[in-house]
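Peer 1: sequence first, predicted model second:
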Amino acid sequence: MAKAKDAFRTISEVAEWLDTPTHVLRFWESKFSQIKPVKGAGGRRYYRPTDMDLLGGIKQLLHEDGLTIKGTQKLLREKGVKYVAGLGQSMTDPTPEIKLAPKPAPKPAPVKAAPKPLPAAPVQDAFPFVDETPPPALQIDLPDLPSDLPDIPGRLVGQISIDAAAIKEQAAAIAPLLARLEALRDGMQNA
């Protein structure tokens, strides 16, 4: 037996009516203070028809019209609950409910035949045009480092020219930053 239009509904019934999960309805309650279901002794929510109309309007604004929660809240403040409630599905609308025929199931996409495998390439033991002598060992010609540079492990980058004056200048520019970092590290370790 169907309930009267002015009957209170549980959250499950409202969720089914709106085709919206119950956790979304509870989330909307936290974001829209205008939604105030009656709570029973066990904490169960019972939605009045006006609450349901408001939920229908909120769903219309958020899901179909693409408004954000903040935009919907602003619209509720500016235009009021009745305006928003009138936008979506209505439980209190005196017009008879129109039952739509169920949508036909989508046709499955046609399955494409797998491509035929390519014939295997002929295998040849040796290619007559390839020289089979091993390549010479790799030799890297690095310049000698200046003797006044600090003794730090180097990285092999390739052949580069080293300008000792430029390196000293960069080291002098970085030195105050390193000192500050070390002071910070010591301070954090002592804290």
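Peer 2: In hand now; what should we look at?
Peer 1: OK, contacts around Ala191?
Peer 2: Residues counted as contacts of Ala191 (CB atoms under 8 Å, 6 or more residues apart in numbering): none. Glycine gets a C-beta too; all of them are placed from N, C-alpha and C.
Peer 1: go on, Gln89?
Peer 2: Neighbouring residues of Gln89 by CB under 8 Å, 6+ apart: Trp17, Leu18, Asp53, Gly56, Lys59, Gln60.
Peer 1: kindly reformat those residues as CSV containing neighbour count and distance to Glu78.
Peer 2: Formatted as CSV, these follow (neighbours: other CB atoms under 10 Å; distance: CB to CB, whole Å):
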residue, neighbour count, distance to Glu78
Trp17, 15, 27
Leu18, 19, 24
Asp53, 23, 18
Gly56, 23, 19
Lys59, 21, 19
Gln60, 19, 17
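Peer 1: just the closest of the residues you listed to Ala183, please.
Peer 2: Lys59 (57.9 Å; CB to CB).
Peer 1: mind listing residues that contact the one helix or strand the closest one maps to?
Peer 2: Here Lys59 sits within helix 49-59, counting by DSSP states H and E. Applying CB under 8 Å, 6+ apart, the contact partners of helix 49-59 are 5-7, 9, 14, 17-18, 20, 25, 28, 32, 34-37, 47, 72, 81, 83-92.
Peer 1: among these, name the buried ones.
Peer 2: 9, 14, 18, 20, 25, 28, 32, 34-35, 37, 47, 72, 81, 84-91 (16 or more other CB atoms under 10 Å).
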